[in-house]
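>>> Have a look; sequence and predicted model below, questions after that.
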Amino acid sequence: MSGNTSSSSAAPQEKPQQELTKTSGLKPVGPKASQSRFQVDPVAEAAAAEDKSKINIFPALGEEVALSKASEGSTRGEESKGRFRVVNFVDPSGEEIPPDSAPDGVQSGDTIKSEGSLHSSTGGHHYYYDTHTNTYYLRTFGHNTIDAVPNIDFYRQTVAPLGEKLIRPTLSELHDELDKEPFDDGFANGEELTPADEVTIMEAVESKGAVKFGWVKGVLVRCMLNIWGVMLFIRMTWIVGQAGIALACVIVLMAMVVTIITGLSTSAIATNGFVRGGGAYYLISRSLGPEFGGSIGLIFAFANAVAVSMYVVGFAETVVELLSTIDAHMTDELNDIRIVGTLTVILLLGISMAGMEWEAKAQIFLLIILITAIFNYFIGAFIPLESKRAQGFFGYKVDILMENMVPDFRGETFFSVFAIFFPAATGILAGANISGDLTDPQSAIPKGTLLAILVTGIVYLAVAISAGSCIVRDATGDRNDTISGQSVNCTDAACKLGYDFSSCKSTMNCEFGLHNDFQIMSVVSGFGPLITAGVFSATLSSALASLVSAPKVFQALCKDNIYPGLSVFAKGYGKNNEPLRGYVLTFFIGLAFILIAELNIIAPIISNFFLASYALINFSVFHASLANSPGWRPSFKYYNMWVSLAGAVLCCAVMFVINWWAALLTNGIVMALYIYVSYKKPDVNWGSSMQALTYHQALSHCLHLTGVEDHIKNFRPQCLVMIGYPNSRPALLNLVHAFTKSMGLMVCGHVRTFTRRPNFKDLASDQARYQRWLLKNRTKAFYTPVFAEDLRQGTQYLLQAAGLGRLRPNTLVIGFKNNWRDGEMKDVETYINMIHDAFDFQYGAVILRLKEGLDISHIQGQDEFLSSQEKVLGMKDIVVSIDLSKDSDGDSSKTSSRISTAQSSPIIRKDKKIAPVLLSTADQRLMEASQQFQKKQGKGTVDVWWLFDDGGLTLLIPYLVTNKKKWKDCKIRVFIGGKINRIDHDRRAMAALLSKFRISFSDITVLGDISIKPKKENIAIFEEMIEPYKLKEDDMEQETAEKLKAEEPWRITDNELELYRAKTHRQVRLNELLKEHSSTANLIVMSMPLARKGTVSSALYMSWLETLSKDLPPILLVRGNHQSVLTFYS
């Protein structure tokens, strides 16, 4: 199956489909707009060529037969047209089997045959067709099922330049029951097109027939032209004069080592998947992510733009120097360079904007001139002329070779000479920079780049050895400086060849020789003007390559929208998607630096920009190999992660060798751009090695933690917060986040109940959506929804399965059930059993109560949930209402316990301006209370009522809270129970304990009157509250009472009430003390009373919690698992 096959076959199928619809009443299936959805190939071409007169067992092949019911509307059929096709069968007599009598295999929508055979029901006869022996099946495996065979087009990205993307059948389409509607949309796996994708698709369609280059024309030629720069003709001989032949070869080899390693790394990245346009930026950004890619892409494009001016000025200087030999000046020398440079860059811009084909032709022409100039030099080196001896050229002589073998540095050092030469090697990415214009970048970039490095390196070495073997370092140019009989002090190679140049060597004013004449290659060459033509060719070709590279890289950067303000330069024109706006921008940047004409300062910065790119390319390969991602599998195998790391280090070292302040400036610019892109967080996901390494490290650390025993010093509260939808109870979310942020794990648990069947696709979708919401709100938590039959069962699932290894919750956090008396008591039974379950699993338990309540999900317009994150993904809906029953206000996960699957997501409405809803007074107070923990807490107190030792969790949580910035102005006050005659002793003992725990406090209060009987009116209020929930077994027969207790276990027995009367009074008394001492506290943290499971009824326990915490500031009821979480040992 291919994109061409599927699209071309669409038209001939139209008529049979219409006829089939009329005769059978069945509707064709599949999206009409996308015939490439997924199709089964029609009968093989060979089979189609058979004699039509023969009995055709499959005459209806290629006709699409719907699997939907005949009662479905034709509109739906047209919309789903082309989805899949299933063929009809006939018996050997030629009578077609009606579609409605097709066997089970057809009706299932999966395959025509059931258990490998087909039975026709026509005429009561049964015909057997063996799919394993029939040659038709052997030719067309997969024809009789909508399950697709492997196809490259399934693996293309949405924008596929090399072919049409096909969508394989989704799992739902193959697996879901037929009465369900699997075709929710035209895209599988959420691959809905974004506006950026649509634009790129349009560009891909328009670019069909674009000019593409092979590896020779597109990569090899460009790289050689860039590497063979002006350095070859006017600096290589000077380098030999300074460093000598040996060290000159070392310099060339050192540069080659850096470029070869970078070339190998580039090849590895380029062959690890399809490469689009963007060159170095594309390679780095897809490997290391948008942060590094965005920073290096901008400076790399800028470096290429400024490099245009460097090469053009080099060309202009040569032209002006030639004009000066014939005394032809337009104005002065500097302005002449500016005029020639401006005219040259205008000409180059015209060639570039004419299209890549013209630019490529110009490059070929310039390469021919360049190669001719190189051959011209080597030919001339074998033709020594007597007239050239005075200028230092004697032909190949052993004496000259030996004399020039050693260095003779004059005002230079080895590294300064290396710094001058290395920019010649910075053209290795010239081919990769136009990766979008290559026919096969994966093959072209490795072959062209590495071969160019090898060829140019050999030529540089040959020139160094050749020049050092036939040219002396110093010469006067005077033919009369021959050796006379009196020249007794002359001992150098020139003396042995009959010339004495000591007159100028002593005064250091020689005009010729390796040290002094930059144009000495013109002297050596067979035809001098050809060397000048070579200089022109080298400068113009490099300038032209940079003028093309900069806009291409910049366009790719702008397309990714890393820097939003630059998106105007993303637009391309013509078949090749030429970045004309980028060309104009590059032209003006180059022109500006040409007019400045002070390139000596800019040059080392540009070289460092290129080196920074090379360093990151090498680091990308090392990082991707280190991350060990399954997606890192380049087809180019000749690389090594440690060699790439060495290459990255070498590039950084060379940066400082060339110019230390330019290296510091380059690193500073890269880091500044990196920080900017990291802060902006562009919404892209390229599967970078950064992500892979993060996963690898997280997995390694998780596994390592499993082998480490827990220690008290490392204890941290890891909370399972039963919150429902994360945005429905912000107060609970914010307070727990206050003591878990950067400290412990926070899992937002959500139990979703179902009435008939769970919708797991919705669950997965909500999980991703609400996790994005948490990230957007900078809440460090994980959203974990589960389906369960009821709230308790779902909580048990989470208590057992939430977390990973040591990263598992140890504390259950729930909201107080404010409305427990208004709903059904079975919900209270479930709520209390959740607390019992937490203790059974050795969890701590925390309950948060606000007197206003916690749940704000019933308030209209309280949260635009999907916001910009969803819009980026192509969803135009925003949440404007979460309309859930308010009676779940106090229950941290009750939202899900009362809703069906259909109600499990926030109500979504289209983009409309909705008038603000006027809130009631109660809702206004609720909204204000829900935001109180997001605000900075003023000077106040956090009151800790540490009445029972639970291991220290009751004390640790307020300590962690007050360490946060928003709570730092609040002081901890500690309240403990005690006796009146031991108040001072108990206070000192607690102060000593807190001091050993290193927990600061402002006051310690010993409650000596905690055991006093509470006020009668408060006891009466409690009695009145529990009256509806009493069993009143004394007023009924024992059997009836037992039956009622079994049916309603939450009821309070008289015996139970009497047994726990003292504990009941304690809760009432504690509430009185709380109102007396902590009515103005910012937060109260109090030991939660325990109820023995199976002894204390749910109604009584709930009444204790209600009585203890009512009419108070925000209160946390805390009970640890009675394992120590604090220690004073080091």
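Thanks, I have it. This one's a predicted model, so the numbers in the text were calculated from it and none came from an experiment. Numbering: from 1, shown residues only.
>>> for the residue lying closest to residue 443 once chain neighbours are set aside, what are its contacts?
Spatially, and ignoring its direct neighbours in sequence, residue 443 is nearest to residue 215 (6.3 Å; CB to CB, 6 or more residues apart in numbering). From N, CA and C alone the C-beta is placed, and that goes for glycine too. Residues in contact with residue 215 (CB atoms under 8 Å, 6 or more residues apart in numbering) are 431, 438, 440, 443, 444, 445, 447, 448.
>>> so of these, which ones are in helices?
443, 444, 445, 447, 448 (DSSP state H).
>>> Residue 932: how many residues sit nearby?
Neighbourhood size, residue 932 [other CB atoms under 10 Å]: 18.
>>> Distance of it relative to residue 1113?
10 Å (CB to CB, to the nearest Å).
>>> residues touching residue 225, list them.
Residue 225 sits in contact with 363, 366, 367, 370, 427, 430, 537, 538, 541, 542, 545, where contact means CB under 8 Å, 6+ apart.
>>> Please tell me how far it sits from residue 424.
The value you get for residue 225 to residue 424, if CB to CB is used, is 12 Å.
>>> looking at this, residue 1004 is in a strand?
Yes: the assignment for residue 1004 by DSSP: H, G, I helix; E, B strand; the rest coil puts it in a strand.
>>> Counting neighbours, what do you get for it?
20.
>>> Dump the C-alpha coordinates for stretch 989-1007 into PDB.
C-alpha atoms of stretch 989-1007 as PDB (Å, rounded to 0.1, in the frame of the first residue of the first chain):
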ATOM      1  CA  ALA A 989      10.000  19.000  78.800                       C
ATOM      2  CA  MET A 990       8.300  20.000  75.500                       C
ATOM      3  CA  ALA A 991      10.700  22.900  75.000                       C
ATOM      4  CA  ALA A 992      13.600  20.600  75.400                       C
ATOM      5  CA  LEU A 993      12.200  18.100  72.900                       C
ATOM      6  CA  LEU A 994      11.500  20.800  70.300                       C
ATOM      7  CA  SER A 995      15.000  22.200  70.800                       C
ATOM      8  CA  LYS A 996      16.500  18.800  70.100                       C
ATOM      9  CA  PHE A 997      14.300  18.500  67.000                       C
ATOM     10  CA  ARG A 998      15.700  21.900  66.000                       C
ATOM     11  CA  ILE A 999      12.200  23.200  65.400                       C
ATOM     12  CA  SER A1000      11.700  26.900  66.400                       C
ATOM     13  CA  PHE A1001       8.500  28.000  68.200                       C
ATOM     14  CA  SER A1002       7.200  31.100  69.700                       C
ATOM     15  CA  ASP A1003       5.200  29.700  72.600                       C
ATOM     16  CA  ILE A1004       4.200  26.500  74.400                       C
ATOM     17  CA  THR A1005       0.900  26.200  76.100                       C
ATOM     18  CA  VAL A1006       0.100  23.400  78.500                       C
ATOM     19  CA  LEU A1007      -3.700  22.800  78.700                       C
END
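>>> what mean pLDDT would you report for it?
Mean pLDDT, stretch 989-1007: 89.
>>> Ok, stretch 627-634 next?
81.
>>> same question, stretch 698-715
The model assigns stretch 698-715 a mean pLDDT of 83.
>>> Please work out which residues outside it touch it.
804, 805, 806, 807, 956, 1124, 1125, 1126, 1127.
>>> Repeat the analysis, applying 10 Å as the threshold.
Applying CB atoms under 10 Å, 6 or more residues apart in numbering, the contact partners of stretch 698-715 are 744, 804-807, 810, 951-953, 956, 1120, 1123-1130.
>>> gap between the two ends of it?
From its first residue to its last, stretch 698-715 covers 19 Å (CA to CA, to the nearest Å).
>>> So what's the gap between it and the chain middle?
The gap between where stretch 698-715 is centred and where its chain is centred comes out at 27 Å by CA atoms, centre = their mean, to the nearest Å.
>>> Pull out the buried residues from that stretch.
residue 715 (16 or more other CB atoms under 10 Å).
>>> how many neighbours does residue 1063 have?
For residue 1063, using other CB under 10 Å, the count is 14.
>>> quick one: contacts for it?
1089, 1090, 1091, 1096, 1100, 1104.
>>> Mark which of those are buried, thanks.
By 16+ other CB under 10 Å, the contacts of residue 1063 give 1089, 1090, 1091, 1096, 1100, 1104 as buried.
>>> Quick check: the closest residue to the fifth one other than its chain neighbours vs residue 633, distance?
Spelled out, it's residue 1100. Spatially, and ignoring its direct neighbours in sequence, residue 1100 is nearest to residue 1052 (4.8 Å; CB to CB, 6+ apart). Taking CB to CB as the measure, residue 1052 and residue 633 are separated by 67 Å.
>>> gap between residue 372 and residue 537?
In terms of CB to CB, residue 372 sits 9 Å off from residue 537.
>>> ok, now residue 314?
12 Å.
>>> In terms of helices and strands, where is the nearest residue to residue 422 once chain neighbours are set aside?
Once flanking residues are discounted, residue 422 sits nearest to residue 255: 5.3 Å by CB to CB, 6+ apart. Here residue 255, judged by DSSP states H and E, is contained in helix 236-270.
>>> How about residue 773?
helix 760-776.
>>> Could you please name the strands the very next helix or strand once past that helix pairs with and the direction of each pair?
Downstream of helix 760-776, the first helix or strand assigned by DSSP H and E is strand 782-788. Strand pairing for strand 782-788, using DSSP bridges, gives strand 746-753 (parallel).
>>> Now do the strand it pairs with and helix 760-776, the angle between them.
150 degrees (axes from the mean of the first three to the mean of the last three CA atoms, to 10 degrees).
>>> okay, strand 746-753 in PDB with CA atoms only?
What follows is strand 746-753 as a C-alpha-only set of coordinates in PDB (Å, rounded to 0.1, in the frame of the first residue of the first chain):
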ATOM      1  CA  MET A 746       2.100  14.600  45.800                       C
ATOM      2  CA  VAL A 747      -0.400  12.400  43.900                       C
ATOM      3  CA  CYS A 748      -3.800  13.900  43.100                       C
ATOM      4  CA  GLY A 749      -6.000  10.800  43.300                       C
ATOM      5  CA  HIS A 750      -9.400  10.800  41.600                       C
ATOM      6  CA  VAL A 751     -11.900   8.000  41.800                       C
ATOM      7  CA  ARG A 752     -14.300   7.900  38.900                       C
ATOM      8  CA  THR A 753     -17.300   5.700  39.200                       C
END
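>>> Determine how far that strand lies from the middle of the whole chain.
Using CA atoms, centre = their mean, the offset of strand 746-753 from its chain centre is 27 Å.
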